[in-house]
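Asker: Provide a 3D model corresponding to the input given below.
(2 chains)
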Protein chains: 2
Amino acid sequence: MSSSLSPLQKYRLQYLPTIPDALKNMKMLKAIEAKTGLELKKHPSELEISFTTIADFFPLSHRAPFLKFTKGKQALTKPLRVGVVLSGGQAAGGHNVISGIFDALKSLNPASELIGFLNGPSGIIKDQTTEITAPLIEGYRNQGGFDLIGSGRTKIETSEQLKTALEVVLKHKLDGLIIIGGDDSNTNAALLAEYFLARQCETSVVGVPKTIDGDLKNKDIEISFGFDSASKNYSETIGSLMRDVFSAKKYYCFIKLMGRSASHITLECALQTHPNLTFISEEVAAQKSSLKQLVGEVCNLICQRASNGKDYGVVLIPEGLVEFIPEVKCLIVELNGLLAESTPHYAALENLKDDSKKIEYIEKLLSKDSVSCFRSLPKDNKLQLLIGRDSHGNVQVSKIETERMMIEMVKEELYKRTKKGDYQGTFSPLSHFCGYEGRACLPSNFDCQYCYALGMTAVALIKSEATGYICCLSNLTKRVEDWIPGGIPLTSMMAMETRHGTAKPVITKALVDLNGKPFEVFSQQRARWAQNDDYVNPGPTQFFGPEEITDALTLTLKLEAIEKQDKT
Amino acid sequence: MSSSLSPLQKYRLQYLPTIPDALKNMKMLKAIEAKTGLELKKHPSELEISFTTIADFFPLSHRAPFLKFTKGKQALTKPLRVGVVLSGGQAAGGHNVISGIFDALKSLNPASELIGFLNGPSGIIKDQTTEITAPLIEGYRNQGGFDLIGSGRTKIETSEQLKTALEVVLKHKLDGLIIIGGDDSNTNAALLAEYFLARQCETSVVGVPKTIDGDLKNKDIEISFGFDSASKNYSETIGSLMRDVFSAKKYYCFIKLMGRSASHITLECALQTHPNLTFISEEVAAQKSSLKQLVGEVCNLICQRASNGKDYGVVLIPEGLVEFIPEVKCLIVELNGLLAESTPHYAALENLKDDSKKIEYIEKLLSKDSVSCFRSLPKDNKLQLLIGRDSHGNVQVSKIETERMMIEMVKEELYKRTKKGDYQGTFSPLSHFCGYEGRACLPSNFDCQYCYALGMTAVALIKSEATGYICCLSNLTKRVEDWIPGGIPLTSMMAMETRHGTAKPVITKALVDLNGKPFEVFSQQRARWAQNDDYVNPGPTQFFGPEEITDALTLTLKLEAIEKQDKT
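Answerer: Just a heads-up that it's a prediction; the model follows:
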């Protein structure tokens, strides 16, 4: 733990999350099959063609019912032993999930114990643990980061890993194992639950939905934790940059935002701040836009605004944009094939010292479409694609600084338009990346409360001996007191996907729904935002003061709730 | 004006800055020579060799006394007509200076009028104005940005410009002209005041100390406005990035911070957040460090931490760092000489298409020392120096992304150390720039109150017919009620400096004092911060809640106040 706390961090230690009424008496909670309360939908495994396959992978857990809680009789609860692990990238609120678990366990029986597996799932395999005690947890309440027990990206999936995990869990006599993570980590939680069930191990495995990207959600899971804090953090920065752009009236600010697979964050920040142009990766994919078209879209905006005397503006770009452009996707696939380490081309390219020669070499090998896409890239980006490799031996698309690439390509296109007499403005670009600062910031009140309640729900599920579930809280747009805890069978969120040539059950990532309310509201307004300067500055996240400010929900959550209501 | 406001922006409209007792009854205020109250120091013009020269430039205003305010008899005040202009880059609080001016003028006489010159000093020359009315100002109270009247970087300095300014000021029958700006803008305010005096124009010219960089300050002016908000904004980001680094435990984050001439912001943020390594440009210059030494310093830190099993850390870099490294400074001077547009080398370099050829060409022309400095730079930075030119035809040092250059050079050095067996860690660098978002963010309570009081002080000076002054508020570490307003003759802050070959009177930039208290406290602690992880997250700027949080002062201001007290 870092040894100093700022005055605000100290105040935040004292913040008491409101507890949903349904979780107030943990001792009386009892999980029952949800027929009402939680929205009961057809189990996908009953619907999908992949039914047999999902069932193949999860013969024991694939038909688990949706769970809600009811009041049972007050009963003595034996002390529970629970393990918790953080998996994947940071998201604000992780420490509150743990404090929610801790407090719920202790309220059930003060002799209950919580152990933290260190540095992610590898802590399970390596049996590296720390006991989470009351004095320890006190320093982490309502604080950002994952540093109490650390996190990691190791996956428990091989049979050897699963076996070791079972041994460790048995050694620690765990009643429950809580995995706090994103879609991949929760997929692994489901595998672990099934594995344990098959071996008569009674340890419940329960997942908690974490990801700032917001792509782990569905009809029941309204939001993943960390999304609220991150989008508030980024909206503050965007709002301030906008005000600067609007004051200086001479810059175009290209802001890239985190979110590689889904553009929820970008969409939420756009709704909050009203930029002149926002790319949503899912729309780019749906429209099969080319890189040239996107560059053209930016240039059209710039030219139109210039004709109104405005040589400034703000453009939002989701981190994963290029991977959603069909032609870039094809190019990447081709390059990955051509340049696999085993191929002669890999070595040949390595031997060419001159950058231009490397580029020439590869252009000869690419298909016609891919050549033209490759040629349209700025030189630096071409080389990034040829030289870097990620740990899987693939070209490093994530290293492409999309906001800077866009600036280079826009410059070039504007130069052409200037020559043709179609543009007479001055283009001064700036770039900014809303990145890691949004993952470990002080969690918003919403995330503090949501995470704390998620932690309590996880314990309620373990107490009910439910396994293979992910914690769920519904009714999030209502008062915290009215939030409804429940458990969603992880298998119900899965579909078969082909990864590296084999079909695997995975939790489907929730992409931006182009027919959904948040996108609808955005698309209704964006033409106005393009030309007018309707910039809004949400300002820094507030922890004191009017609830309207401190406990504000994301617009995505609000609009999706309206959409849900409209449908029922 | 942007047409939408966030809920927080709306709340901020309602915020009422506390008014210093000394400014509570504007009608009774009377400026008198400050013998007590304000610290009266020897007027530099009486001390310096440059005396005759300063006097040459300011024959009429160079011996103006320091001013403080006292209560005169309550008198009817005639309506005043005042003009206000924003000059230079944005700083949070600018709109509050204007609202302070507006309210003070109206409290003196409701018939008083305030006109804003649009888009900076060019608005004076071009006579572009807007009347600032009560309904207009209402939308800007306690808001960030400079967009109410815009800003600009035009300087009023040629005789023609001065003449036009005089005509415009006379046309508008201005009793006062308030120039809100940094050191350069206030130097120009002094020139304008002198020019007006010499032509019997009775318009008072009064400056207001603005700059987020914090380099416009002295014994009397304790802080420039915008510094407080910007350093809080950046400290929030740094604190969050640190917590992320500390959670992931696998990244080195290199954070560049605004502040080209002085490292006050970097120093303040370091005091707030405790990074592992912080460069202070002024120290680099004093120690005559070479680029290689700085890179070595980073690598030493990385190696030491790696030997303790820590492959992560946070490094702060002030924006202007490279310009303070003596050898880089020399290199730049040589390059500027060699590559002036009139030289044959400029054309020769243009004609070379190949980047490596360009580099070879210039290396032959550089002096021995400069060649070795140039060679040590990463290729991209070499080309940046050869290809780009700023509007004065100079190489664009400011375009060098110091944080990225540092990363490249550190990589190279670590590679060497790895080969020698001196380093066995993994180096995963990230970079971040704390930039324009700190200029136009919502102003902190401190900046809201300070700026409002500065605006009122400006009016008090104009009412007292003082000209060639900069507004001053002393006692800032005390309650706002006890702040002491005054006026500092601008000429007292000046020294002669040779710029472009001619001696000019300029306001001396306040650099970080390496013997001052803030640097002392920093240097006493940095060895500990280097190895321990004493990361602190100040969190987002708060506007509601305990005063300790909402009205916290910068550590720089506090420590300098202690230093002052120790000395007296």
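Asker: how long is stretch A:413-432 end to end?
Answerer: Using Cα to Cα, to the nearest Å, the span of stretch A:413-432 from its first residue to its last is 21 Å.
Asker: okay, stretch A:323-330 in PDB with CA atoms only?
Answerer: Presented in PDB, the C-alpha positions along stretch A:323-330 are these (Å, rounded to 0.1, in the frame of the first residue of the first chain):
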ATOM      1  CA  GLU A 323      -9.900  -2.700 -36.100                       C
ATOM      2  CA  PHE A 324     -13.500  -2.000 -37.000                       C
ATOM      3  CA  ILE A 325     -12.700  -0.700 -40.500                       C
ATOM      4  CA  PRO A 326     -13.300  -3.700 -42.800                       C
ATOM      5  CA  GLU A 327     -10.400  -3.000 -45.100                       C
ATOM      6  CA  VAL A 328      -7.900  -2.500 -42.300                       C
ATOM      7  CA  LYS A 329      -9.100  -5.700 -40.700                       C
ATOM      8  CA  CYS A 330      -8.400  -7.500 -44.000                       C
END
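Asker: Give the other helices and strands that the host helix or strand of residue A:472 contacts.
Answerer: Element membership for residue A:472, per DSSP states H and E: strand A:469-474. Counting contacts by 3 or more Cβ pairs under 8 Å, 6 or more residues apart in numbering or on different chains; DSSP states H and E, strand A:469-474 packs against strand A:204-209, helix A:445-463, strand A:484-489. For the C-beta atoms, the positions are set from N, CA and C on the backbone; glycine is no exception.
Asker: Make CSV from those and add mean pLDDT, distance to residue B:204 and mean neighbour count to it.
Answerer: Formatted as CSV, these follow (pLDDT from 0 to 100; distance: least, Cβ to Cβ, whole Å; neighbours: other Cβ atoms under 10 Å in any protein chain shown):
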stretch, mean pLDDT, distance to residue B:204, mean neighbour count
strand A:204-209, 98, 63, 30
helix A:445-463, 98, 49, 29
strand A:484-489, 96, 67, 25
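Asker: Which among those is found nearest to chain B?
Answerer: Closest to chain B of those, according to Cβ to the nearest Cβ: helix A:445-463, at 12.2 Å.
Asker: now the closest one, how far from the chain's geometric center?
Answerer: 18 Å (Cα atoms, centre = their mean, to the nearest Å).
Asker: How about the residues of the stretch 451-568 of chain A by chain B?
Answerer: A:532-546, A:548-550, A:552 (Cβ under 8 Å from any Cβ of the partner chain).
Asker: Oh, that last question was meant for the stretch 101-250 of chain A, not what I typed.
Answerer: Contacts of the stretch 101-250 of chain A with chain B, taken as Cβ under 8 Å from any Cβ, map to A:119, A:143-147, A:150-151, A:233, A:236-237, A:239-249.
Asker: My guess is residue A:93 contacts residue A:445. True?
Answerer: No - the criterion here is Cβ atoms under 8 Å, and residue A:93 misses it with residue A:445 at 10.5 Å.
Asker: Hey, what's the angle from the strand holding residue A:472 to strand A:484-489? Just curious.
Answerer: Taking axes from the mean of the first three to the mean of the last three Cα atoms, to 10 degrees, one finds strand A:469-474 and strand A:484-489 inclined to each other by 150 degrees.
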